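Novice: what follows is a predicted structure for the sequence shown.
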Amino acid sequence: MVDLQRNLNSETVDHADPADAPRAAPTATVREVLHLLRERSTGCALICDDEKLVGIFTERDALRLMAEETDWDAPISNVMVTEPVTLSEQSTVAEAVAKMAAGGYRRMPLVGSDGKAIGLVKVAGILHYLVQHFPSVVYTLPPTPHHATQEREGA
């Protein structure tokens, strides 16, 4: 378990299989970005102004818009999340896990020191990292960790 903690605190997020993400300009319409998400079979688009990350639009945002009266031809900049929480190339896997857990995020943009979008760190990438690097820890967890049985099992 000590190795797990040490590696999580020292290895950067590039070990967690950062994914490429579709990108759109802030002037793209909501409709265009939704088509992009469907075309790429993904739940998130990075909104970039000349490669610099200026926002993010996720499937959760799309669901929120569907519940409201929405102008699908409005610029995505009107409905995107501005100044999203990000990770840098130097962020550790532990930092990624902490930020994702605290904010309830399934995906976080990865940006360079110049603010340019590099990709996405996804929960799936973190899980893949854990399984690859620490299979004995992952595969030996009980089905429901920290579960105390309320009634006696068996005969």
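Specialist: Structure received.
Novice: so where's this protein shaky on pLDDT?
Specialist: 1-2, 4, 136-155 (pLDDT under 70).
Novice: which parts of it are strands?
Specialist: 23-24, 44-49, 52-58, 81-82, 87-88, 107-111, 117-122 (DSSP state E).
Novice: want to throw those strands into TSV with distance to residue 3 and mean neighbour count?
Specialist: Any C-beta I mention is one placed from the backbone N, CA and C, and that applies to glycine too. Formatted as TSV, the strands of the chain follow (distance: least, CB to CB, whole Å; neighbours: other CB atoms under 10 Å):
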stretch	distance to residue 3	mean neighbour count
strand 23-24	37	18
strand 44-49	32	22
strand 52-58	34	21
strand 81-82	36	12
strand 87-88	23	19
strand 107-111	25	23
strand 117-122	22	23
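Novice: can you list these in JSON lines and add distance to residue 12?
Specialist: What follows is those, written out as JSON lines (distance: least, CB to CB, whole Å):
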{"stretch": "strand 23-24", "distance to residue 12": "22"}
{"stretch": "strand 44-49", "distance to residue 12": "20"}
{"stretch": "strand 52-58", "distance to residue 12": "18"}
{"stretch": "strand 81-82", "distance to residue 12": "24"}
{"stretch": "strand 87-88", "distance to residue 12": "9"}
{"stretch": "strand 107-111", "distance to residue 12": "10"}
{"stretch": "strand 117-122", "distance to residue 12": "10"}
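Novice: can you tell me the centre-most residue of this protein?
Specialist: residue 107 (0.8 Å; CA atoms, centre = their mean).
Novice: give me the contacts around stretch 109-120.
Specialist: Contact with stretch 109-120 is made by 13, 18-21, 23, 44, 46, 48, 51-53, 56, 84, 86-89, 91, 107-108, 121, as judged by CB atoms under 8 Å, 6 or more residues apart in numbering.
Novice: just the terminal-to-terminal distance for that stretch.
Specialist: 5 Å (CA to CA, to the nearest Å).
Novice: please apply the same query to stretch 54-74.
Specialist: 17 Å.
Novice: and that stretch, what's buried?
Specialist: 54-58, 61-62, 65 (16 or more other CB atoms under 10 Å).
Novice: tabulate those in CSV, adding columns for distance to residue 95.
Specialist: Below are these laid out as CSV (distance: CB to CB, whole Å):
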residue, distance to residue 95
54, 22
55, 22
56, 18
57, 24
58, 21
61, 24
62, 28
65, 31
